[in-house]
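Student: How does the following fold in three dimensions:
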Amino acid sequence: VLQFYYQRGCLYRLRALGETHDMDITIEGFHRWMFHGLSFLVPFLLVGYLFQLYNAYTLWQLAHVSTTHEWQVMVLAIIFFLLFLGNILTTLSVLRDKLREKTPPLTLRQKYQSLKTFLSTNYHRRSRSFHQFGYRQEKEQTDNIDVTSKDD
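Tutor: So this is what the prediction gives:
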């Protein structure tokens, strides 16, 4: 029922924006502004999925009671568990994809641009200090040589 209202609201928004006609059905795919309605729907979906898991667990326990001899109980437990597993994995996959769309991934150029600038500034900083330090050391060595040569 909630999903029906959600889809009807999405179609109403599209009609109000003039993007669809009155007789159109809901569109395939997912738009960014639909995520707000989905965030309202997800807690109810999760409660329903947990109820499926509870049913699977309860039926599994009933199937292992010594007084239960019917095979249908075990099959129903497996069906409810598979239903829970498929629903929860699909929902989590959709949520993960939607959250990834909100934060666009960095391209390799953007990712390594900061590393490149860090390394280049560090290289220049090190090379300047090395040259300055190396120059001082060379100057001291030449001064020492000059001093010793003057004493001879």
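Student: Could you name the specific helix or strand carrying Leu95?
Tutor: Using DSSP states H and E, the secondary-structure element containing Leu95 is helix 71-102.
Student: Summarise which helices and strands that helix is packed against.
Tutor: Where contact means 3 or more Cβ pairs under 8 Å, 6 or more residues apart in numbering; DSSP states H and E, helix 71-102 is packed against helix 35-63. For the C-beta atoms, the positions are set from N, CA and C on the backbone; glycine is no exception.
Student: for the helix it packs on, what is the average pLDDT?
Tutor: The average pLDDT for helix 35-63 rounds to 89.
Student: May I ask which helix or strand of this protein has the lowest mean pLDDT?
Tutor: Lowest by mean pLDDT, DSSP states H and E among the helices and strands of the chain is helix 108-151, with a mean of 58.
Student: ok, back up a step: what's the angle between the helix holding Leu95 and helix 35-63?
Tutor: With axes from the mean of the first three to the mean of the last three Cα atoms, to 10 degrees as the criterion, the two stretches helix 71-102 and helix 35-63 enclose an angle of 160 degrees.
Student: Could you list the buried residues of helix 71-102?
Tutor: Of all the residues in helix 71-102, those buried under the rule 16 or more other Cβ atoms under 10 Å are 73, 76-77, 80-81, 84, 87-88, 91.
Student: before we move on, what about stretch 43-62?
Tutor: By neighbour count, with 16+ other Cβ under 10 Å as the criterion, the buried positions of stretch 43-62 are 45, 49, 52-53, 55-56, 59-60.
Student: Mind putting these into a markdown table with distance to Tyr12?
Tutor: Conversion of the buried residues of stretch 43-62 to a markdown table gives the following (distance: Cβ to Cβ, whole Å):
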| residue | distance to Tyr12 |
| --- | --- |
| Leu45 | 21 |
| Tyr49 | 27 |
| Gln52 | 30 |
| Leu53 | 34 |
| Asn55 | 34 |
| Ala56 | 36 |
| Leu59 | 40 |
| Trp60 | 43 |
